[in-house]
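K.L.:
Okay, here's the prediction I keep looking at, along with the sequence it came from:
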Amino acid sequence: MAQPLVGIARLAHAAPLIEAKRVVSYSQLATFELLNRCSSARMPFAWTINPYRGCEFACKYCYARYTHEFMEFHDPFEFENRIFAKQWNPAAFRQKLRKIDRRESIALGTATDPYQPAERRYGLTRSILEVFAAMPGYRLSITTKSDLIARDVDVLKAIAKHSELSVNMTLTTVDTELARKLEPRAARPDLRLEAMRTLTAAGISCGTLCCPVMPLINDKESQLDAVASATRAAGAGWFVANPLFLTAQPKQVFFEFIRNEFPQLAAKYGQAFAHTPYLREAYKEKIRERVHAIRARHGFGPRGGAWEDKELLEPQMMLPLGIPEANAVS
């Protein structure tokens with residue numbers, strides 16, 4: 001006999017449908033807490049905000065697919081096709097913001113992209129940013145791979161006047177064809193770079209997350225250097241990378257992608273991830289050395305808001321990004 005759904009799973013399965021497209025559906029999810037304490041002390045932020053659950057960008061390597069399992073959605077592709085827009089209470093959000101230690105960093109977009117296509121329809125991210133624009137003295141970072149962030153340059157400038165603000169633009173490659181394979185519904189690399197130019201021209205502090213670095217796909221020094229060079233020219237102040245890691249659900253999607261697009265690598269990836277979600281320490285050290293050399297070559301500074309002094313993010317750090325447990329309501 002099936003167990004009754006509880007917590008976030010019950011709410012998700014009862015969530016009213018807002019809109020259904022050919023592939024993607026959007027539902028409204030009741031939310032008690034929009035601002036969540038990060039469960040890992042190793043991360044460069046203390047609080048997380050994710051306006052949406054699921055992410056339409058459909059990145060083949062996405063580590064966050066496991067978060068849909070908390071809602072009892074076990075098909076890994078539901079993460080990119082069943083999107084939930086959080087119904088939040090601005091007054092309660094402001095009240096909680098007033099109670100936190102303003103020296104602690106807040107990260108917007110740790111599990112799903114805050115500027116995915118749903119944002120064009122529902123504007124949750126912008127409405128959250130408008131709260132920060134009216135409340136001074138916070139440390140806020142935003143991570144995205146969307147050029148839509150340039151739409152909000154006005155409110156970002158307002159935040160930056162009285163708070164510490166940094167924007168991380170995720171860019172895994174400057175090769176448009178490869179990007180389309182890896183991130184089928186995300187903005188093209190050139191559009192992300194143009195958005196970064198817009199933000200940095202407006203005085204917004206921006207940097208690059210080259211995440212993840214995938215063996216024999218985007219990990220050549222020339223490939224990483226091309227990303228660093230392009231983003232540095234667009235005004236990036238820091239450059240951070242981390243190697244691919246694959247837990248159970250993401251592994252299903254990524255291995256299917258490898259078999260279809262890079263079949264010559266299927267056996268090597270199968271061997272590398274046969275018994276662990278993580279690549280060998282020797283590989284991580286090799287990437288660390290490459291990133292260090294690239295940072296020095298292009299004059300990247302050590303400071304990037306919450307990402308200060310980070311060259312290589314350990315994959316283990318990226319798992320518990322303040323995502324509530326199965327029965328939590330968020």
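P.N.:
Arrived safely.
K.L.:
Tell me both backbone torsions, phi and psi, for residue 52.
P.N.:
Main-chain torsions, residue 52, degrees, to the nearest 10: phi -130, psi 150.
K.L.:
Enumerate every residue touching residue 262.
P.N.:
Each residue near residue 262 by CB atoms under 8 Å, 6 or more residues apart in numbering is listed here: 216, 217. (Each C-beta comes from the backbone N, C-alpha and C, glycine too.)
K.L.:
So for it, what's the pLDDT?
P.N.:
For residue 262, the model assigns a pLDDT of 98.
K.L.:
got it, and the one 4 residues further on?
P.N.:
Predicted confidence (pLDDT) at residue 266: the value is 98.
K.L.:
and the gap between it and residue 141?
P.N.:
Distance, residue 266 to residue 141, by CB to CB, to the nearest Å: 36 Å.
K.L.:
Look at those two and report which has more neighbours.
P.N.:
Legend: neighbour count by other CB atoms under 10 Å for residue 266 and residue 141, higher for residue 141 (23 against 13).
K.L.:
now the helices: where do they sit in the stretch 151-300 of the chain?
P.N.:
Secondary structure of the stretch 151-300 of the chain (DSSP state H, counting those that start in this stretch): helices at 153-162, 176-182, 189-201, 221-233, 248-261, 266-272, 281-298.
K.L.:
Same list (those) but as a markdown table, adding distance to residue 209.
P.N.:
As requested, the helices of the stretch 151-300 of the chain are exported to a markdown table (distance: least, CB to CB, whole Å):
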| stretch | distance to residue 209 |
| --- | --- |
| helix 153-162 | 18 |
| helix 176-182 | 14 |
| helix 189-201 | 11 |
| helix 221-233 | 10 |
| helix 248-261 | 17 |
| helix 266-272 | 22 |
| helix 281-298 | 11 |
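K.L.:
So which of those is nearest residue 126?
P.N.:
Nearest to residue 126 among the helices of the stretch 151-300 of the chain is helix 153-162 (6.5 Å), distances taken as CB to CB.
K.L.:
coming back round to it: which of the helices of the stretch 151-300 of the chain sits closest to residue 24?
P.N.:
Among the helices of the stretch 151-300 of the chain, helix 248-261 comes nearest to residue 24, with 15.9 Å by CB to CB.
K.L.:
what about residue 116, distance to residue 38?
P.N.:
From residue 116 over to residue 38 (counting by CB to CB), the distance is 21 Å.
K.L.:
ok, the two, which is more surrounded?
P.N.:
The neighbour comparison of residue 116 against residue 38 (other CB under 10 Å) goes to residue 116, with 26 against 21.
K.L.:
Wait, a strand at that one?
P.N.:
No: Residue 116: not assigned to a strand; according to DSSP: H, G, I helix; E, B strand; the rest coil it is coil.
K.L.:
Surely it and residue 146 touch.
P.N.:
Yes: here residue 116 reaches residue 146: they are 6.6 Å apart, a contact under CB atoms under 8 Å.
K.L.:
Quickly list what's touching both of the two.
P.N.:
The contact lists of residue 116 and residue 146 share residue 57, where a contact means CB under 8 Å, 6+ apart.
K.L.:
Touching stretch 9-20 from outside, list them.
P.N.:
In contact with stretch 9-20 (CB under 8 Å, 6+ apart) are residues 4-5, 25-30, 53, 70-73, 84-85, 121-122, 326-327, 329.
K.L.:
So for this structure, the centremost residue is which one?
P.N.:
In the chain, the residue lying closest to the centroid (CA atoms, centre = their mean) is residue 110, at 4.7 Å.
K.L.:
Alright, calling it a day.
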